[in-house]
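Q: let me see the structure of the following:
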Amino acid sequence: MKTINLTVLAVVAIYLLAVPLALSQGGTAPASTKESGVTSGHVMTAVERTFAQDVLKVDSPKVFKPDSLTWKDSPMFPKGAKTVVLVGDPRKPGAFILRTIFPANYHVPPHTHPFTEVVTIVSGSMGNGMGEKFDPQKGEMLKAGSLFALPANHIHFVWTGDEQVIVQIEASGPWDIHYINPADDPRNKK
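A: Numbers count the residues shown, from 1 in each chain. As a prediction, this is how the structure comes out:
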């Protein structure tokens, strides 16, 4: 944390604690506060701006059109899935957005991710289930436009029916997939 942030935090803490205490005991707010019209709301806005972070870093405007995306095989998924990174870098700390195409009649065995994952189904229908064993009966098919959010380290699995599915994933890196059964991990098959 930057020194300035600690200084701002200390000043705000003193202000937020001292002024209400003085007012509750019949005192008055500091003259400079009255004269300047600064309120605790102004101070909180300054603090929010100081500590706010641009989690999704984009250096310049970008437009992604479906017909111009370059899809690549992903070693994290069983053979057949293709992925394209839109924003950020899943291998590095920080937020990212990617899209994945899952072919028809495909499944990703039970697994977890180290961070929260938000999945939006862009096209097709995809099954989403929870648990250590792949069992579509314990999940549900979700249509395009559906979104599901999973907390870090939550065991889940996904599958497709008779159509290709495209999903968009927003998460934080460094991203990984930890398969519950190591034999399901395609990175272990050489």
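
Q: make it CA atoms for all contacts and neighbour counts henceforth
A: Noted.

Q: output the below-cut-off pLDDT ranges for this protein.
A: Within the chain, the ranges that satisfy pLDDT under 70 run 1-56, 190.

Q: for the residue most central in space within it, what are its contacts?
A: Central residue of the chain (CA atoms, centre = their mean): residue 171, 3.2 Å from the mean position. Neighbouring residues of residue 171 by CA atoms under 8 Å, 6 or more residues apart in numbering: 95-97, 115-118.

Q: and residue 156, by the same measure?
A: Residue 156 makes contact with 109-112, 128-132, according to CA under 8 Å, 6+ apart.

Q: skip the chain neighbours and tell me the closest residue to residue 101.
A: Spatial nearest neighbour of residue 101, chain neighbours left out: residue 166 (4.5 Å); criterion: CA to CA, 6 or more residues apart in numbering.

Q: number of nearby residues for that neighbour?
A: The tally of other residues near residue 166 (other CA atoms under 10 Å) stands at 22.

Q: that one touches residue 121, doesn't it?
A: Yes - counting by CA atoms under 8 Å, residue 166 does reach residue 121; the two are 6.2 Å apart.

Q: tell me the domain boundaries of this protein?
A: For the chain, automatic domain parsing gives the domain ranges 3-51, 66-188.

Q: in TSV, list the contacts of residue 171 along with distance to residue 73, neighbour count and secondary structure.
A: TSV is the format used below for the contacts of residue 171 (distance: CA to CA, whole Å; neighbours: other CA atoms under 10 Å; DSSP: H, G, I helix; E, B strand; the rest coil):
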residue	distance to residue 73	neighbour count	secondary structure
95	21	19	strand
96	18	23	strand
97	16	19	strand
115	22	17	coil
116	23	17	coil
117	20	19	strand
118	21	17	strand
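
Q: wait, what's in contact with the nearest residue to residue 159 once chain neighbours are set aside?
A: Spatially, and ignoring its direct neighbours in sequence, residue 159 is nearest to residue 107 (4.0 Å; CA to CA, 6+ apart). Neighbouring residues of residue 107 by CA under 8 Å, 6+ apart: 78, 157-160.

Q: ok, residue 70 touching residue 84?
A: Yes - proximity of residue 70 to residue 84 meets the contact threshold set by CA under 8 Å, at 6.3 Å.
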